[in-house]
Each structure stands twice: as structure tokens, then as C-alpha cells.
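*Asks:* coords below, sequence missing:
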């Protein structure tokens, strides 16, 4: 039987351990990583909710976060990170009766089922409580792995 501490406690410990490097061994190769990088990798932002009322570009460190337009008086445009790192994941919730637009850069596309945005396009919704979770599956493709409500690719 394996023993240890819950991931949430590990994330808290790693966040306060300082700038030291943590040794990691994978396939017999030892490397090191900062505590903040490891915490982010294992979900340091998992489930955190951030409300945006202005346009923002998301970062790699915000992966696994939940983002809303709560309190917005107009359209909020959130831009996904570029270049894409495979495995990144972001969840978006329309919390205001204003459009929430999710943009991508360059030749990146967003796929929602059989529908895709144009290269460098976006998806949007202004339907309250619509939710979409996007996951980076390749260097140019974001895929909706969960969707509730109405989202339109453009």
C-alpha cells in the first residue's frame, strides 16, 4: 500500500519551499525542477477560478484554471497561450450576460465536435452558464473535451 500526502497538500508545500531545485528521476535520468514549476505541472492552479472583466492573454502557468467573465460590462476576449504546449487545459464559463470570446494565435484552430474555428480564429458564447473545457492536443489544435450550452466557432 502506498502512503503519502494528498496532492493539494503537496502543492501547498512546494509553493512555499523556496527556490531550491527538486531532483526528479525518470527512466534512470536525474534532472531537477523548481518547486513552483512542479506545483504548476501537477495542478497548482487546478480548480482555481479567475474572473476577468477585461481582455487578457492566458499563460502556461494558468493551465487547469477556470476562467469567467463575471462582472464584465462588455465582451471579454481571452487569448490562449502561443506557442501551444500539448496537454494544456483551460475551462471557460460565461458568468455575465456578455460575450466571452476565446482566441487563438496564428494558424491554431479550436475544434468543437465536427466544427472548427478558422486558423487564428476564436469561439464565443454569450449564453449564461455555458461552459467549455479546451485541451491542447497538438502544436496547432485545441479541442473541446467538455462543452455545455452554446459556443460558436469563427
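*Replies:* Received, thanks. All of these numbers come straight from a predicted model, not from anything done at the bench.

*Asks:* what residue ranges in this protein are flagged as low confidence?
*Replies:* For the chain, residues meeting the criterion pLDDT under 70 lie at 1-46.

*Asks:* Can you show me the strands along it?
*Replies:* Residue ranges of the strands in the chain, as given by DSSP state E, are 22-26, 29-33, 49-51, 56-57, 66-68, 76-79, 89-93, 100-103, 109-112, 115-116, 122-125, 131-138, 141-148, 152-153.

*Asks:* Tell me which of those is the most buried.
*Replies:* Comparing those by mean neighbour count (mean count of other Cβ atoms under 10 Å), strand 100-103 ranks first with a mean of 23. For glycine as for every other residue, the C-beta is placed from the backbone atoms N, C-alpha and C.

*Asks:* What strands line up against that strand, and which way round?
*Replies:* Within its sheet, strand 100-103 is paired with strand 76-79 (parallel), strand 122-125 (antiparallel), according to DSSP bridges.

*Asks:* Those strands: which one's closest to residue 116?
*Replies:* strand 122-125 (9.6 Å; Cβ to Cβ).

*Asks:* mind listing what the closest residue to residue 152 other than its chain neighbours touches?
*Replies:* Distance criterion Cβ to Cβ, 6 or more residues apart in numbering; nearest residue to residue 152, sequence neighbours excluded, is residue 124 at 5.7 Å. Contacts for residue 124 (Cβ atoms under 8 Å, 6 or more residues apart in numbering) come out as 99-102, 151-152, 154.

*Asks:* Including distance to residue 78, could those residues go into TSV?
*Replies:* TSV is the format used below for the contacts of residue 124 (distance: Cβ to Cβ, whole Å):
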residue	distance to residue 78
99	11
100	7
101	7
102	6
151	13
152	15
154	15
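
*Asks:* Quick check: bridge partners of the residue most central in space within the chain?
*Replies:* Nearest to the geometric centre of the chain sits residue 90, at 2.5 Å (Cα atoms, centre = their mean). Beta-bridge pairing for residue 90 (DSSP bridges): residue 134.
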